[in-house]
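Participant: Give me a 3D structure for the following:
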Amino acid sequence: MKSLTEYLWFETKQRRELVRVTDTVAKLVKQSGVQEGFVLVSAMHITAGVFVNDDEPGLWEDIWEWLAHLAPEKDYRHHRTGEDNGDAHLKSLLVHHQVLVPITRGALDLGPWQQIFYAEFDGQRRKRVIVKVLGD
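Facilitator: Predicted coordinates for the structure are as follows:
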């Protein structure tokens, strides 16, 4: 079995931001030489997430609105620790912290509109994502 592990580093300009990582992940899959397998893309921070969805700005606005409704910026018990990012922890639970994408014939096997996104909910500082490619 072949494998490749790489770390992607982000320092977003905004506190909350979406970063499309599909092309980077696809290049790593190609670099790995894996023809049949899986790639794991996982945020290594508890205030960020990774998800697969459509690359459409109207949908992004809907996603941010939905997340703000379910996990609004307010005073959370978590803030008693001196932090101010309680909503970011909850938002990461909603989109989850990782995705597993199939690799078929040496390429990401995504649906016609599917893209991979890194979602930052408490940015403006250095964070990383692990990309782990496994297969034959």
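
Participant: Pull the distance from the top helix by length along the chain to the chain's centre.
Facilitator: In the chain, with assignment by DSSP state H, the single longest helix is helix 57-70. How far helix 57-70 lies from its chain's middle: 16 Å, per C-alpha atoms, centre = their mean, to the nearest Å.

Participant: Please identify the buried residues of it?
Facilitator: For helix 57-70, a neighbour-count test (16 or more other C-beta atoms under 10 Å) marks 63, 67 as buried. In this view, the C-beta of every residue, glycine as well, is placed from N, C-alpha and C.

Participant: which residues touch the closest residue in space to residue 135 that isn't next to it in sequence?
Facilitator: In space, and not counting its chain neighbours, residue 135 is closest to residue 37: 1.5 Å by C-beta to C-beta, 6 or more residues apart in numbering. Contacts for residue 37 (C-beta atoms under 8 Å, 6 or more residues apart in numbering) come out as 1, 2, 102, 103, 133, 134, 135, 136.

Participant: Am I right that the third one falls within a strand?
Facilitator: By that I understand residue 102. Yes. Looking at residue 102 with DSSP: H, G, I helix; E, B strand; the rest coil, it is inside a strand.

Participant: what sits against it?
Facilitator: Residue 102 touches 37, 38, 108, 109, counting by C-beta under 8 Å, 6+ apart.

Participant: what sits opposite residue 118 in the beta ladder?
Facilitator: Following DSSP bridges, residue 118 is listed with bridge partners residue 19, residue 50.

Participant: Let me know whether it touches residue 21 as I believe.
Facilitator: Yes. Between residue 118 and residue 21 there is a contact at 5.3 Å, judged by C-beta atoms under 8 Å.

Participant: thinking again about what came up before, pLDDT of the longest helix of the chain, averaged?
Facilitator: The average pLDDT for helix 57-70 rounds to 96.
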